[in-house]
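Novice: This is the structure alone, sequence omitted:
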(Lines give C-alpha, C1' and ligand atoms only; values in the text may rest on other atoms or scores of the structure.)
Protein backbone atom coordinates (compact mmCIF):
# COMPACT_ATOMS: atom_id res chain seq x y z
CA UNK A 1 0.00 0.00 0.00
CA UNK A 2 1.14 3.60 -0.57
CA UNK A 3 2.19 5.65 2.43
CA UNK A 4 -0.52 7.47 4.39
CA UNK A 5 -1.85 10.55 2.61
CA UNK A 6 -3.25 13.87 3.77
CA UNK A 7 -5.29 15.78 1.20
CA UNK A 8 -5.34 19.23 2.75
CA UNK A 9 -7.01 22.57 1.99
CA UNK A 10 -9.94 21.18 0.01
CA UNK A 11 -13.66 21.63 -0.45
CA UNK A 12 -15.17 18.37 0.84
CA UNK A 13 -18.40 17.36 -0.93
CA UNK A 14 -19.99 14.22 0.51
CA UNK A 15 -23.73 13.75 -0.08
CA UNK A 16 -23.77 10.57 2.04
CA UNK A 17 -23.19 12.77 5.10
CA UNK A 18 -24.60 16.05 3.82
CA UNK A 19 -21.18 17.72 3.95
CA UNK A 20 -20.08 20.58 1.69
CA UNK A 21 -17.38 22.49 3.53
CA UNK A 22 -13.70 23.31 3.67
CA UNK A 23 -11.57 20.60 5.19
CA UNK A 24 -9.21 17.73 4.50
CA UNK A 25 -9.16 13.98 3.89
CA UNK A 26 -6.84 11.57 5.69
CA UNK A 27 -6.13 8.22 4.01
CA UNK A 28 -4.29 5.22 5.41
CA UNK A 29 -4.14 1.58 4.26
CA UNK A 30 -6.43 2.38 1.34
CA UNK A 31 -9.26 3.67 3.52
CA UNK A 32 -10.48 7.05 4.67
CA UNK A 33 -9.55 7.82 8.25
CA UNK A 34 -11.22 11.23 8.37
CA UNK A 35 -12.85 13.58 5.89
CA UNK A 36 -14.27 17.00 6.58
CA UNK A 37 -13.56 20.11 8.66
CA UNK A 38 -12.39 17.98 11.58
CA UNK A 39 -9.52 16.59 9.49
CA UNK A 40 -8.09 20.01 8.68
CA UNK A 41 -5.19 21.66 10.48
CA UNK A 42 -4.21 18.46 12.24
CA UNK A 43 -0.73 18.20 10.79
CA UNK A 44 0.66 14.87 9.65
CA UNK A 45 3.07 12.32 11.12
CA UNK A 46 6.53 11.99 9.66
CA UNK A 47 6.61 9.96 6.45
CA UNK A 48 3.12 10.90 5.33
CA UNK A 49 2.47 12.34 1.89
CA UNK A 50 0.84 15.75 2.11
CA UNK A 51 -0.99 17.16 -0.91
CA UNK A 52 -2.28 20.73 -0.86
CA UNK A 53 -5.49 20.73 -2.91
CA UNK A 54 -5.47 24.51 -3.20
CA UNK A 55 -9.18 24.79 -2.48
CA UNK A 56 -10.17 22.26 -5.14
CA UNK A 57 -13.11 19.93 -4.48
CA UNK A 58 -12.79 16.37 -3.25
CA UNK A 59 -15.71 14.21 -4.37
CA UNK A 60 -16.45 10.54 -3.79
CA UNK A 61 -15.42 8.75 -7.00
CA UNK A 62 -18.16 8.55 -9.61
CA UNK A 63 -20.06 5.28 -10.02
CA UNK A 64 -21.13 4.91 -13.67
CA UNK A 65 -23.98 2.40 -14.01
CA UNK A 66 -24.08 2.14 -17.80
CA UNK A 67 -20.83 1.42 -19.62
CA UNK A 68 -20.58 -0.59 -22.83
CA UNK A 69 -17.21 -2.16 -23.63
CA UNK A 70 -16.00 -4.27 -26.51
CA UNK A 71 -14.35 -6.95 -24.38
CA UNK A 72 -14.97 -9.78 -24.98
CA UNK A 73 -15.49 -10.01 -28.73
CA UNK A 74 -14.94 -6.47 -29.99
CA UNK A 75 -11.72 -5.35 -28.38
CA UNK A 76 -11.03 -3.08 -31.37
CA UNK A 77 -13.78 -0.80 -30.01
CA UNK A 78 -12.80 -0.77 -26.35
CA UNK A 79 -11.15 -3.02 -23.78
CA UNK A 80 -11.63 -3.08 -20.05
CA UNK A 81 -8.18 -1.52 -19.76
CA UNK A 82 -8.79 1.39 -22.14
CA UNK A 83 -12.24 2.05 -20.68
CA UNK A 84 -10.75 2.11 -17.21
CA UNK A 85 -8.14 4.66 -18.28
CA UNK A 86 -10.89 6.91 -19.63
CA UNK A 87 -12.85 6.39 -16.44
CA UNK A 88 -9.91 7.33 -14.23
CA UNK A 89 -9.33 10.50 -16.24
CA UNK A 90 -12.98 11.41 -15.71
CA UNK A 91 -13.07 10.78 -11.96
CA UNK A 92 -15.02 7.53 -12.35
CA UNK A 93 -13.73 5.01 -9.81
CA UNK A 94 -16.37 2.32 -10.40
CA UNK A 95 -17.93 1.37 -13.71
CA UNK A 96 -20.66 -1.19 -14.32
CA UNK A 97 -20.45 -2.94 -17.67
CA UNK A 98 -23.35 -4.09 -19.83
CA UNK A 99 -23.91 -7.72 -20.85
CA UNK A 100 -24.25 -7.34 -24.63
CA UNK A 101 -20.74 -8.41 -25.55
CA UNK A 102 -19.71 -11.39 -27.69
CA UNK A 103 -20.37 -13.80 -26.09
CA UNK A 104 -23.32 -12.44 -24.11
CA UNK A 105 -22.73 -12.28 -20.35
CA UNK A 106 -25.38 -14.84 -19.45
CA UNK A 107 -23.22 -17.51 -17.81
CA UNK A 108 -21.45 -17.45 -14.42
CA UNK A 109 -18.15 -18.34 -16.10
CA UNK A 110 -18.38 -15.19 -18.23
CA UNK A 111 -19.09 -13.03 -15.19
CA UNK A 112 -15.98 -14.54 -13.63
CA UNK A 113 -14.05 -13.80 -16.83
CA UNK A 114 -14.95 -10.10 -16.67
CA UNK A 115 -13.98 -9.87 -13.02
CA UNK A 116 -10.66 -11.62 -13.59
CA UNK A 117 -9.79 -9.53 -16.63
CA UNK A 118 -10.68 -6.38 -14.76
CA UNK A 119 -8.55 -7.39 -11.80
CA UNK A 120 -5.49 -7.85 -14.01
CA UNK A 121 -5.90 -4.97 -16.44
CA UNK A 122 -8.19 -2.22 -15.13
CA UNK A 123 -7.25 0.86 -13.13
CA UNK A 124 -10.71 1.26 -11.57
CA UNK A 125 -13.32 -1.03 -10.04
CA UNK A 126 -15.36 -2.92 -12.63
CA UNK A 127 -18.58 -4.82 -11.93
CA UNK A 128 -20.56 -6.61 -14.66
CA UNK A 129 -24.29 -6.72 -15.19
CA UNK A 130 -25.60 -10.02 -16.54
CA UNK A 131 -28.25 -10.62 -19.18
CA UNK A 132 -31.88 -10.88 -18.09
CA UNK A 133 -32.57 -13.45 -20.80
CA UNK A 134 -30.30 -16.11 -22.25
CA UNK A 135 -28.54 -14.79 -25.33
CA UNK A 136 -30.56 -11.56 -24.99
CA UNK A 137 -33.27 -13.35 -27.00
CA UNK A 138 -36.02 -12.15 -24.68
CA UNK A 139 -37.65 -15.48 -23.93
CA UNK A 140 -35.82 -17.77 -21.48
CA UNK A 141 -34.51 -16.15 -18.29
CA UNK A 142 -30.89 -16.43 -17.24
CA UNK A 143 -29.93 -18.14 -13.99
CA UNK A 144 -30.24 -15.13 -11.71
CA UNK A 145 -29.07 -16.87 -8.56
CA UNK A 146 -25.93 -18.39 -10.08
CA UNK A 147 -25.06 -15.18 -11.91
CA UNK A 148 -25.47 -13.07 -8.81
CA UNK A 149 -23.34 -15.50 -6.79
CA UNK A 150 -20.66 -15.21 -9.48
CA UNK A 151 -20.57 -11.43 -9.07
CA UNK A 152 -23.23 -9.89 -11.34
CA UNK A 153 -24.47 -6.72 -9.64
CA UNK A 154 -27.70 -6.37 -11.64
CA UNK A 155 -29.54 -7.73 -14.70
CA UNK A 156 -30.14 -5.94 -17.98
CA UNK A 157 -30.80 -6.50 -21.67
CA UNK A 158 -28.25 -3.80 -22.47
CA UNK A 159 -29.37 -1.89 -25.56
CA UNK A 160 -32.48 -4.07 -25.97
CA UNK A 161 -35.92 -4.04 -24.37
CA UNK A 162 -37.95 -7.07 -23.39
CA UNK A 163 -40.94 -7.31 -25.74
CA UNK A 164 -42.85 -9.83 -23.64
CA UNK A 165 -44.76 -8.54 -20.61
CA UNK A 166 -44.83 -12.07 -19.23
CA UNK A 167 -41.05 -12.41 -19.44
CA UNK A 168 -40.65 -9.05 -17.71
CA UNK A 169 -43.10 -10.16 -15.02
CA UNK A 170 -41.11 -13.33 -14.47
CA UNK A 171 -37.84 -11.39 -14.41
CA UNK A 172 -39.14 -8.97 -11.79
CA UNK A 173 -40.47 -11.86 -9.70
CA UNK A 174 -37.10 -13.64 -9.75
CA UNK A 175 -35.33 -10.34 -9.09
CA UNK A 176 -37.47 -9.91 -5.97
CA UNK A 177 -36.74 -13.44 -4.78
CA UNK A 178 -32.98 -13.08 -5.32
CA UNK A 179 -32.84 -9.46 -4.09
CA UNK A 180 -31.54 -8.48 -7.52
CA UNK A 181 -32.11 -5.37 -9.63
CA UNK A 182 -33.62 -5.25 -13.12
CA UNK A 183 -32.16 -2.40 -15.20
CA UNK A 184 -34.23 -1.94 -18.35
CA UNK A 185 -33.86 0.08 -21.54
CA UNK A 186 -37.42 1.24 -22.28
CA UNK A 187 -38.11 1.30 -26.01
CA UNK A 188 -40.84 -0.40 -27.98
CA UNK A 189 -39.06 -1.93 -30.97
CA UNK A 190 -42.14 -1.79 -33.17
CA UNK A 191 -42.84 1.89 -32.54
CA UNK A 192 -39.17 2.77 -32.88
CA UNK A 193 -39.01 0.60 -36.02
CA UNK A 194 -36.79 2.26 -38.61
CA UNK A 195 -36.68 5.56 -36.71
CA UNK A 196 -33.26 7.14 -36.25
CA UNK A 197 -33.94 10.39 -34.36
CA UNK A 198 -36.65 12.13 -32.36
CA UNK A 199 -39.93 12.39 -34.25
CA UNK A 200 -40.76 16.01 -34.96
CA UNK A 201 -40.16 19.02 -37.16
CA UNK A 202 -36.39 18.63 -37.34
CA UNK A 203 -36.63 14.97 -38.38
CA UNK A 204 -39.13 15.94 -41.07
CA UNK A 205 -36.88 18.72 -42.33
CA UNK A 206 -33.90 16.35 -42.48
CA UNK A 207 -35.96 13.68 -44.21
CA UNK A 208 -35.23 11.14 -41.46
CA UNK A 209 -37.73 8.70 -39.90
CA UNK A 210 -38.57 9.64 -36.33
CA UNK A 211 -38.98 7.77 -33.04
CA UNK A 212 -41.96 9.04 -31.01
CA UNK A 213 -41.73 9.53 -27.26
CA UNK A 214 -44.47 6.94 -26.91
CA UNK A 215 -41.94 4.26 -27.87
CA UNK A 216 -40.37 4.96 -24.48
CA UNK A 217 -43.37 5.78 -22.35
CA UNK A 218 -45.48 2.75 -23.32
CA UNK A 219 -42.77 0.31 -22.25
CA UNK A 220 -42.05 2.32 -19.09
CA UNK A 221 -45.72 2.39 -18.09
CA UNK A 222 -45.94 -1.37 -18.65
CA UNK A 223 -42.84 -1.97 -16.55
CA UNK A 224 -44.10 0.20 -13.71
CA UNK A 225 -47.37 -1.72 -13.62
CA UNK A 226 -45.46 -5.00 -13.52
CA UNK A 227 -43.18 -3.69 -10.78
CA UNK A 228 -46.30 -2.86 -8.78
CA UNK A 229 -47.69 -6.33 -9.42
CA UNK A 230 -44.53 -8.22 -8.50
CA UNK A 231 -42.86 -5.80 -6.05
CA UNK A 232 -39.66 -6.53 -7.93
CA UNK A 233 -36.64 -4.21 -7.94
CA UNK A 234 -36.85 -2.07 -11.07
CA UNK A 235 -34.65 0.67 -12.52
CA UNK A 236 -35.39 2.48 -15.80
CA UNK A 237 -31.96 2.78 -17.40
CA UNK A 238 -32.30 5.90 -19.57
CA UNK A 239 -35.29 8.20 -19.67
CA UNK A 240 -35.39 10.99 -22.19
CA UNK A 241 -38.72 12.83 -22.07
CA UNK A 242 -41.12 14.62 -19.74
CA UNK A 243 -43.91 12.07 -20.12
CA UNK A 244 -41.58 9.37 -18.78
CA UNK A 245 -40.60 11.62 -15.88
CA UNK A 246 -44.25 12.17 -15.05
CA UNK A 247 -44.91 8.43 -15.06
CA UNK A 248 -41.94 7.82 -12.78
CA UNK A 249 -42.97 10.68 -10.50
CA UNK A 250 -46.48 9.25 -10.10
CA UNK A 251 -45.09 5.79 -9.37
CA UNK A 252 -42.81 7.12 -6.65
CA UNK A 253 -45.55 9.25 -5.11
CA UNK A 254 -47.74 6.15 -4.87
CA UNK A 255 -45.07 4.42 -2.81
CA UNK A 256 -43.60 2.20 -5.51
CA UNK A 257 -39.88 1.62 -4.87
CA UNK A 258 -38.62 2.18 -8.43
CA UNK A 259 -35.74 4.31 -9.70
CA UNK A 260 -34.67 5.93 -12.94
CA UNK A 261 -31.56 7.22 -14.67
CA UNK A 262 -30.65 9.45 -17.57
CA UNK A 263 -27.63 9.71 -19.81
CA UNK A 264 -25.65 12.91 -19.60
CA UNK A 265 -26.30 13.50 -23.31
CA UNK A 266 -30.04 13.85 -22.70
CA UNK A 267 -29.38 16.42 -19.98
CA UNK A 268 -26.98 18.52 -22.03
CA UNK A 269 -27.86 18.14 -25.73
CA UNK A 270 -30.96 18.27 -27.91
CA UNK A 271 -32.07 17.17 -31.37
CA UNK A 272 -30.87 20.42 -32.88
CA UNK A 273 -27.29 19.39 -32.18
CA UNK A 274 -27.59 16.77 -34.92
CA UNK A 275 -27.24 19.67 -37.35
CA UNK A 276 -26.28 18.45 -40.81
CA UNK A 277 -26.54 14.71 -40.11
CA UNK A 278 -23.82 14.52 -37.46
CA UNK A 279 -23.75 10.82 -36.67
CA UNK A 280 -21.87 11.18 -33.38
CA UNK A 281 -25.17 12.54 -32.03
CA UNK A 282 -27.14 9.45 -33.07
CA UNK A 283 -28.06 7.45 -29.99
CA UNK A 284 -30.76 5.40 -28.33
CA UNK A 285 -33.00 6.82 -26.98
CA UNK A 286 -32.65 9.70 -29.42
CA UNK A 287 -31.88 13.25 -28.38
CA UNK A 288 -35.17 15.03 -27.79
CA UNK A 289 -36.28 18.68 -28.10
CA UNK A 290 -34.85 21.48 -26.00
CA UNK A 291 -38.09 21.62 -24.00
CA UNK A 292 -37.72 17.94 -23.16
CA UNK A 293 -34.08 18.44 -22.18
CA UNK A 294 -35.06 21.20 -19.78
CA UNK A 295 -37.72 18.95 -18.27
CA UNK A 296 -35.11 16.25 -17.76
CA UNK A 297 -32.81 18.68 -15.96
CA UNK A 298 -35.69 19.70 -13.69
CA UNK A 299 -36.35 16.02 -13.02
CA UNK A 300 -32.75 15.57 -11.96
CA UNK A 301 -32.90 18.60 -9.67
CA UNK A 302 -36.07 17.45 -7.90
CA UNK A 303 -34.91 13.83 -7.53
CA UNK A 304 -37.31 12.18 -9.96
CA UNK A 305 -34.20 11.09 -11.80
CA UNK A 306 -32.10 9.19 -9.30
CA UNK A 307 -28.96 8.63 -11.34
CA UNK A 308 -26.88 10.13 -14.16
CA UNK A 309 -24.82 7.80 -16.38
CA UNK A 310 -22.39 8.25 -19.23
CA UNK A 311 -24.00 5.54 -21.41
CA UNK A 312 -20.44 5.15 -22.74
CA UNK A 313 -20.85 3.30 -26.05
CA UNK A 314 -17.69 3.14 -28.19
CA UNK A 315 -18.09 2.82 -31.97
CA UNK A 316 -15.38 2.84 -34.60
CA UNK A 317 -15.09 4.82 -37.81
CA UNK A 318 -16.86 2.16 -39.85
CA UNK A 319 -19.87 2.37 -37.53
CA UNK A 320 -20.12 6.15 -37.48
CA UNK A 321 -18.74 7.51 -40.77
CA UNK A 322 -21.85 6.47 -42.66
CA UNK A 323 -25.15 8.04 -43.73
CA UNK A 324 -27.05 9.06 -40.60
CA UNK A 325 -29.78 6.44 -40.96
CA UNK A 326 -27.19 3.67 -41.29
CA UNK A 327 -24.80 4.79 -38.57
CA UNK A 328 -24.46 2.95 -35.28
CA UNK A 329 -26.02 4.44 -32.15
CA UNK A 330 -23.91 5.59 -29.24
CA UNK A 331 -21.16 7.91 -28.05
CA UNK A 332 -18.23 7.61 -25.65
CA UNK A 333 -18.65 9.56 -22.44
CA UNK A 334 -16.66 8.27 -19.48
CA UNK A 335 -14.03 10.96 -19.68
CA UNK A 336 -16.40 13.89 -20.19
CA UNK A 337 -19.21 12.76 -17.86
CA UNK A 338 -18.35 14.95 -14.89
CA UNK A 339 -17.21 18.02 -16.80
CA UNK A 340 -20.35 18.09 -18.95
CA UNK A 341 -22.56 17.52 -15.91
CA UNK A 342 -20.90 20.47 -14.17
CA UNK A 343 -22.45 22.71 -16.83
CA UNK A 344 -25.72 22.21 -14.94
CA UNK A 345 -24.07 23.35 -11.71
CA UNK A 346 -22.43 26.41 -13.28
CA UNK A 347 -25.78 27.40 -14.83
CA UNK A 348 -27.51 27.11 -11.45
CA UNK A 349 -29.95 24.44 -12.65
CA UNK A 350 -28.72 21.64 -10.37
CA UNK A 351 -26.88 21.88 -7.07
CA UNK A 352 -23.44 20.30 -6.76
CA UNK A 353 -24.57 18.08 -3.87
CA UNK A 354 -27.52 16.71 -5.86
CA UNK A 355 -25.31 16.10 -8.88
CA UNK A 356 -22.65 14.20 -6.93
CA UNK A 357 -25.39 12.21 -5.21
CA UNK A 358 -26.79 11.19 -8.63
CA UNK A 359 -23.40 10.28 -10.05
CA UNK A 360 -21.80 8.60 -7.05
CA UNK A 361 -23.68 8.10 -3.79
CA UNK A 362 -27.04 6.97 -5.18
CA UNK A 363 -25.78 4.45 -7.77
CA UNK A 364 -23.42 2.88 -5.23
CA UNK A 365 -26.29 2.48 -2.77
CA UNK A 366 -28.67 1.16 -5.42
CA UNK A 367 -26.24 -1.56 -6.48
CA UNK A 368 -24.99 -2.30 -2.98
CA UNK A 369 -21.42 -1.40 -3.93
CA UNK A 370 -18.71 0.14 -1.79
CA UNK A 371 -17.99 3.72 -2.74
CA UNK A 372 -20.07 6.84 -3.17
CA UNK A 373 -18.99 8.20 0.19
CA UNK A 374 -16.12 9.88 2.01
CA UNK A 375 -17.14 8.64 5.46
CA UNK A 376 -14.40 7.27 7.73
CA UNK A 377 -13.76 3.58 7.16
CA UNK A 378 -14.80 3.63 3.51
CA UNK A 379 -12.42 2.73 0.72
CA UNK A 380 -10.56 5.81 -0.48
CA UNK A 381 -12.21 6.01 -3.91
CA UNK A 382 -12.28 9.72 -4.70
CA UNK A 383 -11.52 12.47 -7.18
CA UNK A 384 -9.87 15.86 -6.72
CA UNK A 385 -11.59 18.26 -9.10
CA UNK A 386 -10.97 21.85 -10.12
CA UNK A 387 -14.60 22.81 -10.62
CA UNK A 388 -13.77 25.88 -12.69
CA UNK A 389 -10.74 24.95 -14.82
CA UNK A 390 -11.55 25.57 -18.50
CA UNK A 391 -10.56 23.03 -21.15
CA UNK A 392 -11.51 22.00 -24.65
CA UNK A 393 -12.39 18.43 -25.62
CA UNK A 394 -10.30 17.01 -28.45
CA UNK A 395 -10.55 13.52 -29.90
CA UNK A 396 -6.81 13.02 -29.86
CA UNK A 397 -6.60 13.58 -26.11
CA UNK A 398 -9.33 11.07 -25.21
CA UNK A 399 -8.15 7.86 -23.57
CA UNK A 400 -10.97 5.70 -24.98
CA UNK A 401 -9.96 3.46 -27.86
CA UNK A 402 -12.91 4.76 -29.90
CA UNK A 403 -13.24 8.50 -30.38
CA UNK A 404 -16.96 8.94 -31.09
CA UNK A 405 -17.58 11.79 -28.67
CA UNK A 406 -20.51 14.20 -28.87
CA UNK A 407 -18.36 16.91 -27.36
CA UNK A 408 -15.48 17.34 -29.80
CA UNK A 409 -14.45 20.99 -29.56
CA UNK A 410 -16.72 21.66 -26.58
CA UNK A 411 -15.49 24.22 -24.06
CA UNK A 412 -16.00 22.83 -20.56
CA UNK A 413 -15.33 24.13 -17.06
CA UNK A 414 -14.27 21.59 -14.45
CA UNK A 415 -11.47 19.06 -14.70
CA UNK A 416 -10.28 16.09 -12.68
CA UNK A 417 -6.80 16.66 -11.30
CA UNK A 418 -6.28 13.40 -9.43
CA UNK A 419 -8.22 10.16 -9.03
CA UNK A 420 -7.64 7.59 -6.30
CA UNK A 421 -8.94 4.03 -6.03
CA UNK A 422 -8.48 2.33 -2.66
CA UNK A 423 -5.97 5.03 -1.81
CA UNK A 424 -3.84 4.53 -4.92
CA UNK A 425 -3.44 7.26 -7.50
CA UNK A 426 -4.75 5.97 -10.83
CA UNK A 427 -4.80 9.34 -12.58
CA UNK A 428 -2.61 11.14 -13.63
CA UNK A 429 -1.06 7.96 -14.98
CA UNK A 430 2.50 9.24 -14.70
CA UNK A 431 2.13 9.22 -10.93
CA UNK A 432 0.04 6.04 -10.63
CA UNK A 433 1.27 3.76 -7.90
CA UNK A 434 -0.19 0.58 -9.34
CA UNK A 435 -3.59 -0.69 -10.43
CA UNK A 436 -6.67 -0.68 -8.25
CA UNK A 437 -7.70 -3.73 -6.27
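Specialist: In hand now; what should we look at? Note that the structure is predicted; figures quoted are calculated from it, not measured. Numbers count the residues shown, from 1 in each chain.
Novice: mind listing the helices for the protein?
Specialist: Assigned helices in the chain, in chain order: 80-89, 108-121, 144-150, 165-177, 189-192, 201-206, 214-230, 242-253, 264-268, 290-301, 317-320, 337-346, 352-356, 362-367 (criterion: DSSP state H).
Novice: Please identify the deepest-packed of these.
Specialist: helix 80-89 (a mean of 27; mean count of other Cβ atoms under 10 Å). C-beta here means a position set from N, CA and C on the backbone, and glycine is covered the same way.
Novice: Pull the residues that contact that one.
Specialist: 64, 67, 69, 71, 93, 95, 97, 114, 117-118, 121-124, 126, 312, 314, 332, 334-335, 398-401, 416, 419, 421, 426-427, 429 (Cβ atoms under 8 Å, 6 or more residues apart in numbering).
Novice: Please name the residues that touch residue 154.
Specialist: 96, 129-130, 180-183, 235, 367.
Novice: With distance to residue 271 and pLDDT added, can I get the residues you listed in JSON lines?
Specialist: What follows is these, written out as JSON lines (distance: Cβ to Cβ, whole Å; pLDDT from 0 to 100):
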{"residue": "96", "distance to residue 271": "28", "pLDDT": "98"}
{"residue": "129", "distance to residue 271": "29", "pLDDT": "98"}
{"residue": "130", "distance to residue 271": "33", "pLDDT": "98"}
{"residue": "180", "distance to residue 271": "35", "pLDDT": "97"}
{"residue": "181", "distance to residue 271": "31", "pLDDT": "98"}
{"residue": "182", "distance to residue 271": "29", "pLDDT": "98"}
{"residue": "183", "distance to residue 271": "25", "pLDDT": "98"}
{"residue": "235", "distance to residue 271": "26", "pLDDT": "98"}
{"residue": "367", "distance to residue 271": "31", "pLDDT": "98"}
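Novice: okay, those residues in CSV with distance to residue 222 next?
Specialist: Shown next, in CSV, are these (distance: Cβ to Cβ, whole Å):
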residue, distance to residue 222
96, 24
129, 21
130, 22
180, 20
181, 18
182, 13
183, 16
235, 15
367, 24
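Novice: I'd like the list of those that fall within strands, please.
Specialist: 96, 130, 182-183, 235 (DSSP state E).
Novice: quick revisit: is it possible to export the helices of the chain to CSV including distance to residue 377?
Specialist: Listed next are those as CSV, based on distance: least, Cβ to Cβ, whole Å:
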stretch, distance to residue 377
helix 80-89, 23
helix 108-121, 23
helix 144-150, 26
helix 165-177, 30
helix 189-192, 46
helix 201-206, 51
helix 214-230, 34
helix 242-253, 31
helix 264-268, 31
helix 290-301, 30
helix 317-320, 44
helix 337-346, 25
helix 352-356, 19
helix 362-367, 15
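Novice: if we compare the ones you listed, which one ends up closest to residue 11?
Specialist: Of all those, helix 352-356 sits nearest to residue 11, with 9.2 Å by Cβ to Cβ.
Novice: got a list of contacts for that closest one?
Specialist: Taking Cβ under 8 Å, 6+ apart as the rule, helix 352-356 contacts 13, 15, 18, 20, 57, 59-60, 300-301, 303, 308, 341-342, 344-345, 387.
Novice: Quickly name whichever of those residues is closest to residue 394.
Specialist: residue 342 (18.4 Å).
Novice: That closest one reaches residue 387, doesn't it?
Specialist: Yes - using Cβ atoms under 8 Å, residue 342 makes contact with residue 387 at a distance of 6.4 Å.
Novice: Off-centre distance for stretch 45-63?
Specialist: 24 Å (Cα atoms, centre = their mean, to the nearest Å).
Novice: Tell me how many other residues crowd residue 137.
Specialist: If you count neighbours by other Cβ atoms under 10 Å, residue 137 ends up with 13.
Novice: meant to ask about residue 41, not that
Specialist: Neighbours of residue 41 (other Cβ under 10 Å): 10.
Novice: Without its sequence neighbours, what residue ends up closest to it?
Specialist: residue 24 (7.8 Å; Cβ to Cβ, 6 or more residues apart in numbering).
Novice: same question, residue 149
Specialist: Closest residue to residue 149 apart from its sequence neighbours, by Cβ to Cβ, 6+ apart: residue 108 at 7.2 Å.
Novice: Local confidence estimate at the one you found?
Specialist: If you check residue 108, the pLDDT there is 98.
Novice: Likewise for residue 432?
Specialist: Looking at residue 432, the pLDDT reads 43.
Novice: just residue 40 next, same as before
Specialist: 82.
Novice: ok, it to residue 373 distance?
Specialist: As judged by Cβ to Cβ, to the nearest Å, residue 40 and residue 373 stand 19 Å apart.
Novice: Neighbour count: the two, which is higher?
Specialist: residue 373 (23 against 18).
Novice: Report the set of residues contacting both of residue 342 and residue 387.
Specialist: The contact lists of residue 342 and residue 387 share 413-414, where a contact means Cβ under 8 Å, 6+ apart.
Novice: Low-confidence regions, this structure specifically.
Specialist: 1, 42-44, 430-437 (pLDDT under 70).
Novice: rewinding a little: CSV for the ones in strands among the contacts of residue 154, including neighbour count?
Specialist: Listed next are those as CSV, based on neighbours: other Cβ atoms under 10 Å:
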residue, neighbour count
96, 23
130, 28
182, 28
183, 28
235, 22
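Novice: Just put the residues you listed in JSON lines and tack on distance to residue 215.
Specialist: Formatted as JSON lines, these follow (distance: Cβ to Cβ, whole Å):
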{"residue": "96", "distance to residue 215": "25"}
{"residue": "130", "distance to residue 215": "26"}
{"residue": "182", "distance to residue 215": "19"}
{"residue": "183", "distance to residue 215": "18"}
{"residue": "235", "distance to residue 215": "19"}
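Novice: what's the closest of those residues to residue 226?
Specialist: residue 182 (9.6 Å).
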